[in-house]
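Novice: Let me see the structure of the following:
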Amino acid sequence: MHVMAVVALEGVVPFDLSTPCDVFGRVRLPGGHPGYQVRVCGVTPEVNAGVFHLRTRHGLDELARADTILLPGISDLDAPVPGALVEAVRAAAAEGTRVASICTGAFLLAATGLLDGHRATTHWLAAEELARRHPAIQVDPNVLYVDNGQVLTSAGAAAGLDLCLHMVRSDYGSAVAADAARCSVMPLERAGGQSQFIQHVPPTPDGASLEPVLRWMEERLHEPLTLEDIAQHAALSVRTLNRRFREQTGTTPLQWMLRARVRRAQHLLETSAHPVEAIAGKVGFGSVTAFREHFHRLVATSPQSYRRAFRAPH
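Specialist: Residues are numbered from 1 along each chain as shown. Modelled structure (predicted):
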């Protein structure tokens, strides 16, 4: 039987800890036999999980006997990662053990060095910090999970379910995974990625040199603005405008405006009954085809699917 070791340590996120216990614990193979033996392994015998304390039956020595190690999210990203955990995970990985993380558990996994040179994800709120602390990792904030073979990571919260079901499918096939998904009341695959959940903060009036320009652009998303129009308003050359945008936003003026148009479209899809064709025009896209293409590229789902998922009931 596949042994799944779920690590519990101080500040573990209860949802992230319970998700793999529940998903893998419910898996049944043809004939009714369980597919996994789940063991919760504590860094210490008693663990503070915030809203409750828990006592674990197993310690870190069990990681050496596991087929998969799962690192749940942690609430305090500044808490030091226990050296004993880092050593145990590294030693197990060296023997071929699969290692996965849920949500901010990616910070624990990153501390082992196993993510260096690989693509990974975490909760979108923590993605920028993970990239800052670990520049050797290619952090992708837009996806629900990343499978690098031996090492896997998931985005936050419910994306842990997606990752667990993906691992069940990898281990036992689609039929077993579909049964596990039904038990979890989850689709086996969800449309779109984490990018559809990201909340983009508008520019703040902090006196930064581009802030008035960004506000001006936000007010004119419906207009066919060109790079020259923006540069003229900013009283800058096109070259200087591009350089300042790169420095302050990390992208170009036209790419920033494209993302702002998609954000406006997301708001309208959530709050209005306007047809998709009308929204495309309201946010400055010349055609509904171009709108759908750019929306899908940035949000990883279609406008119609996004509206079904996020429009508030009336």
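Novice: now the strands for the stretch 101-250 of the chain?
Specialist: For the stretch 101-250 of the chain, strands defined by DSSP state E, counting those that start in this stretch occupy the ranges 119-120, 138-139, 145-147, 151-154.
Novice: I'd guessed residue 136 sits against residue 116; true?
Specialist: Yes - between residue 136 and residue 116 a contact is recorded at 4.1 Å, counting by C-beta atoms under 8 Å. Where C-beta positions appear, they are placed from N, C-alpha and C, glycine not excepted.
Novice: re the thing from before, among the strands of the stretch 101-250 of the chain, which comes closest to residue 225?
Specialist: Within the strands of the stretch 101-250 of the chain, the stretch nearest residue 225 is strand 138-139; the backing value is 31.0 Å (C-beta to C-beta).
Novice: Name every strand pairing with that closest one and say which way it goes.
Specialist: Each strand that strand 138-139 pairs with, and the sense of that pairing, follows from DSSP bridges: strand 119-120 (parallel).
Novice: what's near enough to touch the closest residue to residue 245 other than its chain neighbours?
Specialist: Beyond its immediate neighbours in the sequence, the residue positioned closest to residue 245 (C-beta to C-beta, 6 or more residues apart in numbering) is residue 253, lying 5.1 Å away. Applying C-beta atoms under 8 Å, 6 or more residues apart in numbering to residue 253 gives the contacts 217, 227, 230, 241, 242, 245.
Novice: switch to 7 Å and redo it
Specialist: Neighbouring residues of residue 253 by C-beta atoms under 7 Å, 6 or more residues apart in numbering: 227, 230, 241, 242, 245.
Novice: And for residue 20?
Specialist: By C-beta under 7 Å, 6+ apart, residue 20 lies in contact with 4, 6, 70, 164.
Novice: now that we have these, which one has the most neighbours?
Specialist: Neighbour count (other C-beta atoms under 10 Å) singles out residue 70 as the most crowded of these, with 31 neighbours.
Novice: Paired strands for the helix or strand hosting that one, with orientation please.
Specialist: Using DSSP states H and E, the secondary-structure element containing residue 70 is strand 68-71. Pairing partners of strand 68-71, with direction, according to DSSP bridges: strand 2-8 (parallel), strand 98-101 (parallel).
Novice: So which bits of the helix or strand just after that strand are buried?
Specialist: Elements were assigned by DSSP H and E; along the chain past strand 68-71, the next helix or strand is helix 83-94. Buried positions in helix 83-94, judged by neighbour count with 16 or more other C-beta atoms under 10 Å: 85, 86, 88, 89, 92, 93.
Novice: And stretch 25-40, by the same measure?
Specialist: Those buried within stretch 25-40 under the rule 16+ other C-beta under 10 Å are 25, 26, 27, 35, 36, 38, 39, 40.
Novice: likewise stretch 218-226?
Specialist: Buried residues in stretch 218-226, defined by neighbour count with 16+ other C-beta under 10 Å: 218, 221, 225.
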